[in-house]
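Asker: quick one: sequence plus predicted model below, questions after.
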Amino acid sequence: MHTLHSVNVVLHVLFGTIGLILGVFVLFYQNRPRQHTRYGRYFMYCLIVVVATAFFGILFFRSNPFLLILTLLGGYVGYSGYRAVRLREQRTSNFDMLLAISVLMAGGLYLRSMQLAGGNWSPAVVYPTLSALVLVAGYDLVKHFWLYHKLKTWWLYEHIYKMMSAYSALASAFSGTVLSQFKPYSQILPSVVCVSAIVYFIWRQARKRAFLTAKVAKTFAKNADSIT
């Protein structure tokens, strides 16, 4: 059993580290669709291994509320971010909604169990992480059942937010584990940096979209004037 645990830890750390490196390449090649897609796919492969080994370790070897919430967050936002770019303006499936509901229930039940059990855990870290999970899964549910036609054009913003959140979960878990003596700051700082990056990239994409829309409208008006 000890050997199995060691192998699981090595795989978790190895693929988590590779995922962090690949995430940098994904951002670097964001304006080159072919390379961006390739490295994004590799990042997702690493994320799958990280999430699977994390769940395996939590279930069979040790229970850690922060790692569980990060695993739920990283796994779900990674999957949802991948689905956003795959579906684009198509409606999400019933399976997607079932997964969102299951993740919300799992996060809520685990948090409740930790509150009842007490123990050594940091609400300043767990609550914001769980809030991020509720925000993403809740948004997906609202979009699917009520505001699909209004929100379907936001798919690229969703992709940016969700994949950056998945990267943030990896970075927070890595920093919180390696720099455990600086908790909770070693866990919070990567999230702050990644949230700032999310705001910047979404703002830049929104500005680019507004510029292209204005350009198209100007061209259309010019062509209409020439016809009349």
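Answerer: In hand now; what should we look at?
Asker: for residue 181, give me its contacts.
Answerer: For residue 181, no contacting residues are found, by Cβ atoms under 8 Å, 6 or more residues apart in numbering. Every C-beta, even on glycine, is put in place using the N, C-alpha and C of the backbone.
Asker: where in the chain is pLDDT low?
Answerer: Judged by pLDDT under 70, the chain has its weakly predicted residues at 1, 62-66, 114-122, 124, 220-221, 223-228.
Asker: repeat the analysis, applying 80 as the threshold.
Answerer: 1-2, 58-70, 110-127, 176-180, 182-185, 187, 213, 215-228 (pLDDT under 80).
Asker: tell me where it has helices.
Answerer: 2-28, 33-60, 65-87, 94-117, 123-145, 148-151, 155-178, 185-227 (DSSP state H).
Asker: any chance of those in CSV with mean neighbour count as columns?
Answerer: CSV is the format used below for those (neighbours: other Cβ atoms under 10 Å):
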stretch, mean neighbour count
helix 2-28, 16
helix 33-60, 17
helix 65-87, 22
helix 94-117, 14
helix 123-145, 18
helix 148-151, 12
helix 155-178, 22
helix 185-227, 13
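Asker: next, give phi and psi for residue 32.
Answerer: With angles defined as degrees, to the nearest 10, residue 32 sits at phi -120, psi 90.
Asker: grab the nearest non-local neighbour of residue 55.
Answerer: Ranked by Cβ to Cβ, 6 or more residues apart in numbering and with sequence neighbours excluded, the top spatial neighbour of residue 55 is residue 71, at 6.1 Å.
Asker: spit out the contact partners of the one you found.
Answerer: By Cβ under 8 Å, 6+ apart, the contact list for residue 71 reads 51, 54, 55, 58, 169.
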